[in-house]
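Novice: Provide a 3D model corresponding to the input given below.
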Amino acid sequence: MKHTFALLPLATLALLAGCAGQAPLPEGAALNLQGGPTFRVDLRETPLNALDAAARTRLSQDTAVEVTLRSGTALMYRNVAGHIVVDGDMLLGRSEDAAEVLARLDKAPAGSLGTQSLSRFAAGGGNWANRTVPYFWKQGALTATQAAAVNAAVERWNAQAGATLRWVWNPGATHKVEFVVGGGGCGSSYVGAIGGTQPLTIAPNCFNNSTIIHEMGHASGFHHEHQRCDRDNYITVGSAYVGDTTNFGRTCSAYTHGPYDYDSVMNYFPPYIYARSQPVGTYNGSPGNLGKVPDLSRGDLFALQAIYPGGTTPPPTTGRTYTGTLGSGAATVQPGSSGFSYAGGTLKGALTGPAGSDFDLYLQRWSGSAWGTVAQSTSPGHTEAITSAAGAGTYRWYIYSYSGSGAYSLVETK
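Specialist: Model (predicted):
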C-alpha cells in the first residue's frame, strides 16, 4: 500500500468546552460562532483567479464564508484561530492558504467533499504507514498528570485495537502526532496522516479518556458518527442546532463501515444530538449510550480493521467504563434512564467509589412498565461487584451513595 500526503479533502478540529468524561462538543457551540454576516463567492460567475485582492483577503479573514464551486457544490466554512473549519469541526487547512485550498477543491470532482462519515477512508485506504501512529510531546509540554492521562488512553487504545493500528512513542519519526496543550475548546485533530508533524490538542481541563481517544480516533482517520448520510434514521439534532447546517449538516459518503453505532466514541451527545425513540433500520450499540462511551466500540474496531486491514485485533472489547460524581444520599443510573439492550449472558459490574465512602450497586431490568432490581451488592465500603446470569432484556445500573461523596467509576463487562 502506498502512503501519500496530498492535500486532505477534510480534517478534523473537534472542540470541547469543559466536558470532562464526555465526547467533544461541536465547534459552533464551544466558540459561539453561529450566526453573523457571511461573505459569499460564486466561482461559476467569478473564477478564483479573477477575484480581486480584497475578496481573496476576505476568504482568509472573514469569520463566515460560503463558496459555490464550479461543480455547483456549496462550501460553507469559518475561519477559526487561523484554520478553515467546515461542518462544525472539520479542518481543511490554514486560513492563510484559503485561496490555494479552494483552488484544489474547485478542481475536484463533484461530491468529493462528501467524505465525512465514520471514516474518511475507503476499505484499505488508511494512510498511516505500517499500521502505526508515531506520537510524542515536547519535554515540559505536559504536566505529569496530563502525561499520565495520555499514556493511559494510548494503552487503552492499543489494548483494544491490537495490531490493527498501534500508537507508538517515536519523536524521531518523519510523520507523527504531537500532543499539545491548548485552549479554545477541549480538543482538536486532523483526520488521518497529513505529512510531517501534526498537532493533537487537548485543553488543560479536558485530559480525560473520552476526549483523548476521540481525538486519537480523528487522527487515525475517523469522522463523526452522527454526521453519516443515514444519521436521520437514528438521531435527531437538538432544536437549538437543527437550523445550523454549517455545524450540524448531514454529509453523505461512500465510506460508512457497518450500521450506525450508538456506542461509537465518535458521537456527540445531548443537547446537541439525541437518539431517536424508534430508530429506523439496523444499528449497533444502545441508544442510551449515545455520547457516553469512552472507548472504541465494536463498530469503531470494525471500521478500523476495514481501513487498516492485515493486522491482528483482539476480540472486540465488551467492557464499558462509566464515571461520575455523587453526593451523600444521592443516586444515579448508568448508562442512562433508558438503559441498554442485552442479548443475554454473564453481566458483571465493578464499582469503585471515593475512599472512605459507602457506595452501593444495583442491577435493574425493565419489565415493560417499571424497573426492578435483579442483583445487588451493598456491602460496607467503597467497592461493590455484581456478577449476574442475565437473560435477554433491557438493563441499567443503579448507583447509590449510602454515605460519603465524590467521584466513582463503574466497569461493566458483558
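
Novice: most residues in a single strand of this structure, which one?
Specialist: strand 393-403 (DSSP state E).

Novice: In it, which residues are buried?
Specialist: Gly393, Thr394, Tyr395, Arg396, Trp397, Tyr398, Ile399, Tyr400, Ser401 (16 or more other C-beta atoms under 10 Å). Any C-beta I mention is one placed from the backbone N, CA and C, and that applies to glycine too.

Novice: Check stretch 323-330 too.
Specialist: Here stretch 323-330 shows Thr323, Leu326 as buried, counting by 16+ other C-beta under 10 Å.

Novice: Quick one: distance of it to the chain centre.
Specialist: 26 Å (C-alpha atoms, centre = their mean, to the nearest Å).

Novice: what's next to that stretch, contact-wise?
Specialist: Contacting residues not belonging to stretch 323-330 are listed as 21, 294, 332, 334, 353, 359, 399-410 [C-beta atoms under 8 Å, 6 or more residues apart in numbering].

Novice: Could you please name the strands the longest strand of the chain pairs with and the direction of each pair?
Specialist: strand 331-334 (antiparallel), strand 340-342 (antiparallel), strand 358-366 (antiparallel) (DSSP bridges).

Novice: Out of those, which one sits most buried?
Specialist: strand 358-366 (a mean of 20; mean count of other C-beta atoms under 10 Å).

Novice: Number of residues surrounding the nearest residue to Leu347 once chain neighbours are set aside?
Specialist: In this structure, Leu347 finds its nearest non-sequential neighbour in Ala390, 4.2 Å apart by C-beta to C-beta, 6 or more residues apart in numbering. Neighbour count of Ala390, defined by other C-beta atoms under 10 Å: 19.

Novice: Return the distance of Ala390 relative to Tyr408.
Specialist: When distance is defined by C-beta to C-beta, to the nearest Å, Ala390 is 22 Å away from Tyr408.

Novice: What of Lys292?
Specialist: In terms of C-beta to C-beta, Lys292 sits 15 Å off from Tyr408.

Novice: Please look at Thr197 and Gly172 and confirm they touch.
Specialist: No: look at Thr197 against Gly172 with C-beta atoms under 8 Å: they stay out of range, at 11.2 Å.

Novice: Mind telling me which of the strands paired with strand 393-403 the model trusts least?
Specialist: Ranked by mean pLDDT, the strands paired with strand 393-403 end with strand 340-342 in last place, scoring a mean of 74.

Novice: what's the following helix or strand after that strand?
Specialist: Moving toward the C-terminus from strand 340-342, the first helix or strand encountered (DSSP states H and E) is strand 345-352.

Novice: Can you spell out which helices and strands pack onto that following strand?
Specialist: If you count contacts as 3 or more C-beta pairs under 8 Å, 6 or more residues apart in numbering; DSSP states H and E, strand 345-352 packs onto strand 358-366, strand 383-390, strand 393-403, strand 406-413.

Novice: relative to strand 383-390, how tilted is that strand?
Specialist: Relative orientation of strand 345-352 and strand 383-390, computed by axes from the mean of the first three to the mean of the last three C-alpha atoms, to 10 degrees: 170 degrees.

Novice: Now do strand 345-352: everything it contacts.
Specialist: 359, 361, 363, 377, 382-390, 395, 397, 399, 408-414.

Novice: mind listing what's buried in it?
Specialist: Leu347, Lys348, Gly349, Ala350, Leu351, Thr352.

Novice: and what of stretch 285-303?
Specialist: Judged by neighbour count (16+ other C-beta under 10 Å), stretch 285-303 contains these buried residues: 285-303.

Novice: for the record, mean pLDDT for it?
Specialist: 88.

Novice: Do me a favour and get the end-to-end distance for it?
Specialist: 14 Å (C-alpha to C-alpha, to the nearest Å).

Novice: what's the spacing between it and its chain's center?
Specialist: Per C-alpha atoms, centre = their mean, the centroid offset for stretch 285-303 relative to its chain is 10 Å.

Novice: So which residue is dead centre in this structure?
Specialist: Met266 (2.7 Å; C-alpha atoms, centre = their mean).

Novice: what's that residue in contact with, if anything?
Specialist: Met266 is in contact with Ala23, Leu118, His214, Gly217, His218, Phe222, His223, His224, Glu225, His226, Asp300, counting by C-beta under 8 Å, 6+ apart.

Novice: and of the residues you listed, the nearest to Ala147?
Specialist: Distance to Ala147, by C-beta to C-beta, is smallest for His214 among the contacts of Met266, at 18.5 Å.

Novice: and Met63, how far is that from Asn79?
Specialist: In this structure residue 63 is Thr, not Met. 6 Å.

Novice: if you count what's nearby, which of those two comes out ahead?
Specialist: Asn79 (22 against 14).

Novice: Please report phi then psi for that one.
Specialist: Main-chain dihedrals, Asn79, degrees, to the nearest 10: phi -90, psi 110.

Novice: what sits against the residue nearest to it when sequence neighbours are not counted?
Specialist: Of all residues not flanking Asn79 in the chain, Ser95 sits nearest, at 4.4 Å (C-beta to C-beta, 6+ apart). Contact partners of Ser95, counting by C-beta under 8 Å, 6+ apart, are Ser60, Gln61, Asn79, Gly82, His83, Ile84.

Novice: Likewise for Ala385?
Specialist: Lys348, Gly349, Ala350, Leu351, Leu361, Ser377.

Novice: of all these, which comes closest to Arg320?
Specialist: Gly349 (9.7 Å).

Novice: and that closest one, how far is that from His382?
Specialist: In terms of C-beta to C-beta, Gly349 sits 15 Å off from His382.

Novice: What ranges in this protein fall below the confidence cut-off?
Specialist: 1-36, 86-92, 108-126, 183-185, 244-247, 249-255, 311-319, 343 (pLDDT under 70).

Novice: Do you have the helices of it handy? List them.
Specialist: Secondary structure of the chain by DSSP state H: the helices cover 27-31, 53-61, 98-107, 144-161, 209-220, 245-248, 298-307.
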